[in-house]
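Enquirer: Sharing a model that was predicted from the sequence below.
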Amino acid sequence: MEKSKSPTVGFFLPTAIILIVIGWGGLLATLILMEPSGGTRWVFFFTTVLALTGTFLPLVAFLNRRFPTQPPPTSLVILRQSLWSGIYVSTLAWLMIGGVLNPAIGALLAIGIVLIEWMLRLRERSQWRP
């Protein structure tokens, strides 16, 4: 019996292209056309998450395909892992704007995100499927 595999990188390319165009286009428009204010800052963070999620999506799909796990990740798991990278970088930008970012906080935040994802994958692995 052949084991199921995670989706291919090509499966995620349309989604990645849409997220990249909306994210990087919106980020560019935010930086060039808008005045800095409270609402503009939230648009900046939102478009940063979209842009980086789309950028990391093919890479995460490739890594999940290259290093298979049991059970294989679904497309939603791969999208979630890409979203973590976008959220991580946006959070780093938010902390940098506030002037509180240092290497220890960045490392602890990365460790926390990796730990959360590891626990979610552990929960998926422990589910009983007859």
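Expert: Thanks, I have it.

Enquirer: Low-confidence ranges, this protein, go.
Expert: Across the chain, residues meeting the criterion (pLDDT under 70) sit at 1-4, 130.

Enquirer: and A61, what does it touch?
Expert: Residues in contact with A61 (Cβ atoms under 8 Å, 6 or more residues apart in numbering) are S6, P7, T8, V9, F11, F12, I78. The way it works is simple: take the backbone N, C-alpha and C, and place the C-beta from them, glycine included.

Enquirer: and the gap between it and I20?
Expert: Using Cβ to Cβ, to the nearest Å, we find A61 at a distance of 14 Å from I20.

Enquirer: returning to what we had before: among the contacts of A61, which lie within helices?
Expert: V9, F11, F12, I78 (DSSP state H).

Enquirer: The last one and L57 touch, don't they?
Expert: The reference is to I78. Yes - if you go by Cβ atoms under 8 Å, I78 and L57 touch, sitting 7.3 Å apart.

Enquirer: Residues that sit against both of these two, list them.
Expert: With contacts taken as Cβ under 8 Å, 6+ apart, the residues that reach both I78 and L57 are F12.

Enquirer: OK, contacts around S85?
Expert: With Cβ under 8 Å, 6+ apart as the criterion, the residues that contact S85 are L52, T53, F56, V60.

Enquirer: which residues in this structure form helices?
Expert: With DSSP H, the ranges of helices along the chain come out as 9-33, 38-66, 75-98, 103-126.

Enquirer: Alright, I will stop here.
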